[in-house]
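Participant: Turn this into a model:
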Amino acid sequence: MSTTTAPTQRTTTSADGTRIAWWTSGTGPDLLMVHGTTADHTRWEAMLPLLEPRVTVHAMDRRGRGASGDRADFSLEREVEDVAAVAEAIGAPVHVFGHSQGALYSLEASTLTTAIGRLVLYEPPVGVAAPPETRRQLAALVSAGRRDEAVAYFLVELAGLTPEQVEQSRSLPSWAGRVAAAHTIVREEEICATYRFDPSRFSGSGTPALLLDGTASPAALRAATARVAQALPNSQVVPLVGHGHVAMLADPGLVAEEILGFVERT
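Facilitator: I've put the predicted structure just below:
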């Protein structure tokens with residue numbers, strides 16, 4: 001357990017040799033934060049002041065973003081190995097909060113390592129695949145160098161954000177990093193299109209899990225959340241009433257308190 005108060009960059013090497021970076025701050029039980037598509041470790045800036053007095057936050061950059069490395073042979077397995085590698089480098093028990101695609105990788109990482117204590121999963125997109133035409137449009141925008149448009153298109157068409165929420169995201173310092181990582185959207189959408197969720201793989205899981213469900217999120221994401229909750233024997237679902245897929249922007253205090261209340265439970 002760390003007692004660091006100022007963010008400190010740390011790195012570890014994943015199974016395929018890729019360097020994965022994360023930032024550590026705060027004091028208390030360890031909490032690994034795993035961001036979703038287009039984001040990086042700065043996704044959690046609004047929540048950090050609320051979390052740091054009570055937990056040690058470890059905010060990772062997933063591969064291809066920020067200070068983490070990348071490789072051409074991308075796959076779901078590599079992303080899952082990355083989360084497991086960081087969890088093991090931090091040391092057991094580390095609780096994990098994953099958002100969206102990061103929630104999917106966190107869920108899968110719980111089958112690879114015993115370092116994970118509790119899981120908080122915010123709308124893992126199991127069975128949520130973009131239509132082929134949408135994936136083609138994303139790829140075309142990225143190939144044409146229209147990265148800003150690609151990020152905005154993804155957020156509206158697939159994450160269910162309103163144009164106003166996209167503009168709010170554009171105003172944040174993290175937007176430049178999102179645009180720089182726009183090419184990762186295409187490959188992650190391919191994962192969503194090919195991933196097959198098998199509930200039986202998790203039937204023996206003893207990991208306590210909290211599923212966060214935005215009541216204003218797209219129906220497909222809400223159904224995915226329910227499906228994962230049903231597959232995990234030791235799980236519960238908490239509705240984020242009136243919020244969609246990015247409640248940590250609209251009400252960071254709400255999300256922080258749900259996380260803290262769960263990981264601090266004895």
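
Participant: Going by C-alpha atoms from here, please, whenever you check contacts or count neighbours.
Facilitator: Noted.

Participant: And the next helix or strand past the longest helix anywhere in the chain?
Facilitator: Assignment by DSSP state H gives helix 76-90 as the longest helix of the chain. Beyond helix 76-90 on the C-terminal side, the first helix or strand identified by DSSP states H and E is strand 94-99.

Participant: Could I get the average pLDDT for that following strand?
Facilitator: Per-residue pLDDT values over strand 94-99 give a mean of 99.

Participant: Same check on stretch 15-32?
Facilitator: 98.

Participant: What residues of that stretch count as buried?
Facilitator: By neighbour count on 16 or more other CA atoms under 10 Å, the buried set for stretch 15-32 is 18-32.

Participant: between the residues you listed, which is closest to Gln101?
Facilitator: Nearest to Gln101 among the buried residues of stretch 15-32: Leu32, at 14.7 Å, using CA to CA.

Participant: distance of that closest one from Pro233?
Facilitator: 22 Å (CA to CA, to the nearest Å).

Participant: Residue ranges in the stretch 1-150 of the chain under the pLDDT threshold?
Facilitator: For the stretch 1-150 of the chain, applying pLDDT under 70 flags the ranges 1-5.

Participant: show me where it has strands.
Facilitator: Along the stretch 1-150 of the chain, counting by DSSP state E, counting those that start in this stretch, strands occupy 8-13, 19-26, 30-34, 56-60, 94-99, 116-122.

Participant: can the ones you listed go into JSON lines with extra columns for distance to His183?
Facilitator: Listed next are the strands of the stretch 1-150 of the chain as JSON lines, based on distance: least, CA to CA, whole Å:
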{"stretch": "strand 8-13", "distance to His183": "23"}
{"stretch": "strand 19-26", "distance to His183": "18"}
{"stretch": "strand 30-34", "distance to His183": "19"}
{"stretch": "strand 56-60", "distance to His183": "19"}
{"stretch": "strand 94-99", "distance to His183": "19"}
{"stretch": "strand 116-122", "distance to His183": "23"}
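
Participant: Quick check: which of those strands is nearest to Glu167?
Facilitator: strand 94-99 (20.2 Å).

Participant: Report the separation between the residue nearest to Arg187 when sequence neighbours are not counted and Leu112.
Facilitator: Leaving aside its chain neighbours, Arg187 sits nearest to Phe74 (7.8 Å; criterion: CA to CA, 6 or more residues apart in numbering). Taking CA to CA as the measure, Phe74 falls 18 Å from Leu112.

Participant: Who's the closest spatial neighbour of Glu52, skipping the chain neighbours?
Facilitator: In space, Glu52 is closest to Gly26, 3.9 Å off (CA to CA, 6+ apart).

Participant: If you could redo that for Ser100, that was the one I meant.
Facilitator: Nearest to Ser100 is Pro124, by CA to CA, 6+ apart, at 4.6 Å.

Participant: about what we covered before: check the contact between the residue nearest to Glu52 and Leu50; I expect there is one.
Facilitator: No - applying CA atoms under 8 Å as the test, Gly26 and Leu50 come out as separate, 9.9 Å apart.

Participant: what residues are up against the residue sitting nearest the centre point of the chain?
Facilitator: Compute the mean C-alpha point of the chain, and by CA atoms, centre = their mean the closest residue is Gly102, 2.6 Å away. Going by CA atoms under 8 Å, 6 or more residues apart in numbering, Gly102 touches Val34, His35, Gly36, Thr37, Pro124.

Participant: how far does stretch 241-255 stretch from start to finish?
Facilitator: With CA to CA applied, stretch 241-255 spans 11 Å between its terminal residues.

Participant: in the stretch 151-266 of the chain, which spans are helices?
Facilitator: Ranges of helices within the stretch 151-266 of the chain are 163-170, 175-180, 183-194, 219-231, 247-250, 252-263, based on DSSP state H, counting those that start in this stretch.

Participant: Appreciated, that's everything.
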